[in-house]
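# take a look and give me a structure for this.
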Amino acid sequence: MAKLRISVVQYLNTAPLVRGFTHGALQGKYDLSFTVPAQCAEALRTGAADVAIIPAIEYQRIVSQGIALTVLPGLAIACKERVRSLLLLSKVPIRQARRVALDRGSRSTQALVKILAARRWQIAPEFFESDPDPAAMLAGSDAALIIGDAALRIAIAAENKMTPGPDAEWLTTGATAGISGVGDLHIYDVVKEWWHLTEKPAVLAVWAARTEIVTPELAADFLASRDFGLRQLPEICAEAARQLRLPEPELRLYLEKNIDYTLDDENLQGLLRFFQESHAQNLIGPLHPIAIGATPARISMSSRA
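Okay, the predicted model is just below:
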């Protein structure tokens, strides 16, 4: 029987979710491929993948095309209040921005920025997609959305040399953030801004599968892989510190404190609010109920060894 095909986002914050598949007892059971968030969603939409970690907003977009999806239970990439790896960098106070570059690999965070522009900052800038190069993006715009490991690198470089701004942002310089050709810089944590607007967590991504292939065993495998990954955070961060050339303690802080890997009731309410706000801004069509798989009887990684 052919292995199920799993499309995975190639960012540090996904590593704990797939650790059981890459290093644990489930290694080799599934066919894994790694890419950016937008392409994970596309792979699931076209049938190139059976299961994918997709930007949350893409659940609504794919289901609206008549494709039945089920969200695997208990799993997400979410943030309760602050994330550090989704940053809006601006050369001016964001309420003065007229042109905003968006990382073309993003989907949910693009939507969050558009919601925040309309609802929190009350601006209507020109948005355009761009390759994720902060210096090039800011050269042609007032502000730029940077996501993933590149954003985390900027946050780590600048955090100890920033001062609070008047609009809940952080103030620093391009040189401090490692971005050439940029002077003063206003840095907005997108999840923190979402919390200021809604006082709810942000759910950035979920594991979704074509409904016809969802089984209790599949759900149990993905939960077990996540749990194994959370036990392996020291090893994950040590490896990532070498690969990304970033301080290991900062990566531990990020994965342990900034990222929440559950789809608990609080996160589910945040997800529902995100869908409502996205619909109100015409970023998605009519809202569809979220189909979430049944939570299986837990199967530990040790019992699969």
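
# kindly report the domain assignment for the chain.
5-80+202-246+258-299, 86-198 (automatic domain parsing).

# next, format those domains as JSON lines and append mean pLDDT.
Converted to JSON lines, these look like this (pLDDT from 0 to 100):
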{"stretch": "domain 5-80+202-246+258-299", "mean pLDDT": "95"}
{"stretch": "domain 86-198", "mean pLDDT": "96"}
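
# tell me the backbone dihedrals of residue 132, please.
phi -80, psi 70 (degrees, to the nearest 10).

# so residue 132 sits against residue 149, correct?
No. The pair residue 132 / residue 149 is not scored as a contact, 9.9 Å apart, by CB atoms under 8 Å. (C-beta placed from N, C-alpha, C; glycine too.)

# hmm, back to that, would you turn the domains of the chain into CSV with mean neighbour count and distance to residue 252?
Below are those laid out as CSV (neighbours: other CB atoms under 10 Å; distance: least, CB to CB, whole Å):
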stretch, mean neighbour count, distance to residue 252
domain 5-80+202-246+258-299, 19, 5
domain 86-198, 19, 12
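
# excluding chain neighbours, what is closest to residue 196?
residue 168 (6.0 Å; CB to CB, 6 or more residues apart in numbering).

# wait, residue 157
Excluding its sequence neighbours, the residue lying closest to residue 157 (CB to CB, 6+ apart) is residue 178, at 5.1 Å.

# residue contacts, the residue nearest in space to the middle of the chain?
The centroid of the chain falls nearest to residue 204 when counting by CA atoms, centre = their mean (4.2 Å). By CB atoms under 8 Å, 6 or more residues apart in numbering, the residues touching residue 204 are 55, 56, 76, 77, 78, 79, 83, 86, 108, 109, 191.

# secondary structure class for it?
Using DSSP: H, G, I helix; E, B strand; the rest coil, the secondary structure recorded for residue 204 is strand.

# surely residue 54 is within a helix?
No. Counting by three-state DSSP, residue 54 falls outside a helix, being strand.

# OK, contacts around it?
The contact partners of residue 54, by CB under 8 Å, 6+ apart, come to 37, 40, 41, 44, 62, 107, 205, 206, 208.

# out of those residues, name the ones that lie in helices.
Residues of the contacts of residue 54 located in helices (DSSP state H): 37, 40, 41, 44, 62.
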